[in-house]
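J.: structure here, sequence nowhere to be found:
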């Protein structure tokens, strides 16, 4: 268990990030950094089959990972799984945005890769603010997840509980990660096993919940909007592959809340979720990325891909500081995955909400 004196934990936050934001663009986390290279993305591409991914089991909290995987870590299957996990963690879900601390220059301190902690001002239901810190998810035995089993790590990702079934704050998007398929979750587990263990103590949250608090409910597949394309459309399959990826990478930050950390899926991807980092007095607000006039109406699929890849808006202006786009984060996704996500976003049901500016006081 991480930092056993704590109550509710914070295993992960990123993926794409948590309730951070953009007013113009697609991301929602922090300034970008070089956590993955183009070579990394190319390696992951060779191990990635998004056609297969889109059609696999997405049942929340399955027990398919009932036993820890074992065997030769140099096997082709294991190496492919590790490469896939690195790709998902570094590029698609951008876990380092929250779990890699920043140095004095504001850039991620890669000597503490995934060792926590970025701090967030998490609004509590009673109106108070809880300072929540992203956990150390390296294989360190005391400060990280080195003693966790594969099943426990998978439960942290998809069920929002630690190795002793203590719940995490839903600032981590585990309700949405519940829809990840077993192969991708195992790939993330496999990769986390391979990274250096870092002895980095993460501060406790300022507010601890009473005992017995349950994890937030998992999202249902029916909560996630489908593309508006007909099933006979040549781009339908690409859009549905993008739906799977965007559910983990985009939806939580770009969907307003019904309660702290809990998405209002009736307004999926319509933006307006607010976030305040403890080191920044400004409130970041996520953009509407549906194809409405208050969102990305007039953007093409190519425009969206260019935004993800270059961390710029349609006019080539830099996105807000909160963006995890561009090289080092989501911009290192394969062209195929970026195009699938862009195809899905481009064909979402339009929702009027906004427009929003990057920051407010």
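T.: Cool, got the structure. Quantities reported herein were computed from a predicted structural model and do not represent experimental measurements.

J.: where's residue 347 relative to residue 291, distance?
T.: 7 Å (Cβ to Cβ, to the nearest Å). (Each C-beta comes from the backbone N, C-alpha and C, glycine too.)

J.: list residues touching both of those two?
T.: Common contact partners of residue 347 and residue 291 (Cβ atoms under 8 Å, 6 or more residues apart in numbering): none.

J.: all strands of the stretch 51-200 of the chain, in order?
T.: 119-123, 129-133 (DSSP state E, counting those that start in this stretch).

J.: okay, these, which one's buried deepest?
T.: Each of the strands of the stretch 51-200 of the chain was scored by mean neighbour count; the highest is strand 119-123, a mean of 22, by mean count of other Cβ atoms under 10 Å.

J.: residue 273 is in contact with residue 356, correct?
T.: No: the pair residue 356 and residue 273 fails to qualify as a contact (Cβ atoms under 8 Å) at a distance of 9.5 Å.

J.: which of those two has more neighbours?
T.: Each of residue 356 and residue 273 has its neighbours counted (other Cβ atoms under 10 Å); residue 273 has more, 25 against 22.

J.: number of nearby residues for the nearest residue to residue 142 once chain neighbours are set aside?
T.: Leaving aside its sequence neighbours, residue 142 sits nearest to residue 199 (Cβ to Cβ, 6 or more residues apart in numbering; 7.4 Å). By the criterion of other Cβ under 10 Å, residue 199 has 13 neighbours.

J.: give me the distance between residue 199 and residue 114.
T.: From residue 199 to residue 114 the distance is 13 Å (Cβ to Cβ).

J.: what do you get for residue 265?
T.: In terms of Cβ to Cβ, residue 265 sits 29 Å off from residue 114.

J.: these two: who's more crowded?
T.: With neighbours defined as other Cβ under 10 Å, residue 265 and residue 114 compare such that residue 114 has more, 30 against 19.

J.: grab the nearest non-local neighbour of the more buried one.
T.: Per Cβ to Cβ, 6+ apart, closest to residue 114 is residue 99, 4.6 Å.

J.: model confidence for residue 319, exactly?
T.: Residue-level confidence at residue 319 comes out at 87, pLDDT.

J.: also the one 3 residues further on?
T.: At residue 322 the predicted local distance difference test score is 77.

J.: and it, how many neighbours?
T.: 27.

J.: thought residue 108 was touching residue 95?
T.: No: judged on Cβ under 8 Å, residue 108 makes no contact with residue 95 at a distance of 11.3 Å.

J.: higher neighbour count, the two?
T.: Higher neighbour count among residue 108 and residue 95: residue 95, with 27 against 24, using other Cβ under 10 Å.

J.: returning to that earlier point: if I look at the residue nearest to residue 114, how far off is residue 304?
T.: 26 Å.

J.: more neighbours: which of the two?
T.: Using other Cβ under 10 Å, the more surrounded residue of residue 99 and residue 304 is residue 99, with 28 against 24.

J.: any idea how far residue 295 is from the more buried one?
T.: 29 Å.

J.: what do you get for residue 138?
T.: 37 Å.

J.: do residue 160 as well
T.: As judged by Cβ to Cβ, residue 160 and residue 295 stand 29 Å apart.

J.: these two: which has the busier surroundings?
T.: Using other Cβ under 10 Å as the criterion, residue 160 and residue 295 rank with residue 160 on top: 30 against 25.

J.: how's the chain carved up into domains?
T.: Split into domains by automatic domain parsing, the chain comes to 38-194, 223-360.

J.: lowest average pLDDT across those?
T.: Mean pLDDT values for these show the minimum at domain 38-194, a mean of 82.

J.: what separates that one from the chain centre, distance-wise?
T.: 9 Å (Cα atoms, centre = their mean, to the nearest Å).

J.: could you do stretch 205-220 as well?
T.: 19 Å.

J.: quick one: contacts of it?
T.: 6-8, 10, 60-61, 124, 128-133, 158-161, 167-170, 174-176, 178-179, 247, 261-263, 265.

J.: would you mind checking the residues you listed for buried ones?
T.: Applying 16 or more other Cβ atoms under 10 Å to the contacts of stretch 205-220, the neighbour count classes 6, 8, 10, 60, 130, 132-133, 158-161, 167-170, 174-176, 178-179, 247, 261, 263, 265 as buried.

J.: which of the residues you listed fall in helices?
T.: Here DSSP state H is the test, and those give 158, 174, 175, 176, 247 as lying in helices.

J.: quick one: contacts for the last one?
T.: When contacts are counted by Cβ under 8 Å, 6+ apart, residue 247 is found next to 176, 179, 219, 224.

J.: go through the residues you listed and name the one nearest residue 323.
T.: Using Cβ to Cβ, residue 176 comes nearest to residue 323 of the contacts of residue 247, at 19.2 Å.

J.: state the distance from the closest one to residue 190.
T.: Counting by Cβ to Cβ - residue 176 and residue 190 are separated by 21 Å.

J.: now do the contacts for residue 238.
T.: Contacts of residue 238 by Cβ under 8 Å, 6+ apart are 339, 340, 343, 344.

J.: am I right that it falls within a helix?
T.: Yes: assigned with DSSP: H, G, I helix; E, B strand; the rest coil, residue 238 falls within a helix.
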